[in-house]
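Engineer: show me the folded form of this:
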Amino acid sequence: MTGYRGDSGPLSRRGLPVCDARLLVNLVTCADGAIFLDPFAGVGGLVLEAVASGCRAFSCDLDPALRHGLSALGARHSVANACALPFGPATVDAIAAEPPYGAQAEAAVIESLAEMHRVLKRGGRLALMCAARQAEELRHKASALGLRVFLDSPVNRKGTDCAVLAWEKAGCRLL
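Structural biologist: Next comes the predicted model:
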C-alpha cells in the first residue's frame, strides 16, 4: 500500500511519526513500570515512546532483521507472530500498535486482537492505529471479546485513511 508508510518495499518503509507513537502510548499507559507491548513493532517508534514514558517495553515482530535494533532501543524483543504472542494470559498492562495496512495482512490483524486480549490484564488498555478498512472488523471483534471502547476516531495521515481505536479490558484500571 502506498501512502505515508511507503510502498512496502524493503528500503522504503517509514516508521510511525513521533506524534502518532506518543498518542498511542499515552492512550494506554498510566503508571511507571507498566508492562507495555507492541506486537507489530516495526522500526520501534512505539517502543521509544513507551521507554521514555517509564514503561517496561516488550516488542514482537515477524521480521527477524528487526530484532537487534528493537533490542537496542530498550525493548525486550521477540521474533513472534502477533497471532501467537509469547506471553502468558493477563501478563501485559498496556498494548499499542500500528498493524500492517496491506490487504494481505488484514485477516492476521483481525485475528491478533483476540491474542492481544488474552495477554492483556484486567483493566489494561489497548490502542491501535489501523487502516480505515480494518476498523469495522476490529470493532466487531473487540465487542465480541468484551472490550470497552473509549476512543474511536478517523484520522488521515498524508492521504491514507486510518482509524485510532482504543479499548479497556473489563476490570480495575491501573493507578
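Engineer: residue nearest the centroid of this protein?
Structural biologist: Of all residues in the chain, the one closest to the mean position by CA atoms, centre = their mean is Ala97, 1.4 Å from it.
Engineer: not counting sequence-adjacent ones, nearest residue to that one?
Structural biologist: Residue nearest to Ala97 in three dimensions, not counting chain neighbours: Phe40, with 4.4 Å by CB to CB, 6 or more residues apart in numbering. C-betas here are computed from N, CA, C, even on glycine.
Engineer: identify the residues contacting the helix or strand bottoming out on mean pLDDT in the chain?
Structural biologist: Taking mean pLDDT, DSSP states H and E as the measure, helix 67-72 is the helix or strand of the chain with the lowest mean score, a mean of 83. Residues from elsewhere that reach helix 67-72 (CB atoms under 8 Å, 6 or more residues apart in numbering): 41, 43-44, 47, 59, 61, 77, 79.
Engineer: now intersect the residues you listed with the helices, please.
Structural biologist: Residues of those located in helices (DSSP state H): Val47.
Engineer: can I get the contacts of helix 67-72 in CSV with pLDDT, neighbour count and distance to Glu106?
Structural biologist: As requested, those are exported to CSV (pLDDT from 0 to 100; neighbours: other CB atoms under 10 Å; distance: CB to CB, whole Å):
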residue, pLDDT, neighbour count, distance to Glu106
Ala41, 94, 29, 19
Val43, 88, 17, 21
Gly44, 92, 26, 23
Val47, 94, 29, 24
Ser59, 95, 27, 22
Asp61, 94, 22, 18
His77, 91, 23, 25
Val79, 94, 14, 22
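Engineer: which among the contacts of helix 67-72 gets closest to Leu24?
Structural biologist: Val47 (11.4 Å; CB to CB).
Engineer: if I read this right, the closest one contacts Leu73, doesn't it?
Structural biologist: Yes. Counting by CB atoms under 8 Å, Val47 touches Leu73, with 4.9 Å between them.
Engineer: buried residues in the least confident helix or strand of the chain, which are they?
Structural biologist: For helix 67-72, a neighbour-count test (16 or more other CB atoms under 10 Å) marks 67, 70 as buried.
Engineer: how about stretch 128-135?
Structural biologist: So stretch 128-135, judged by 16+ other CB under 10 Å, has buried residues 128-131, 134-135.
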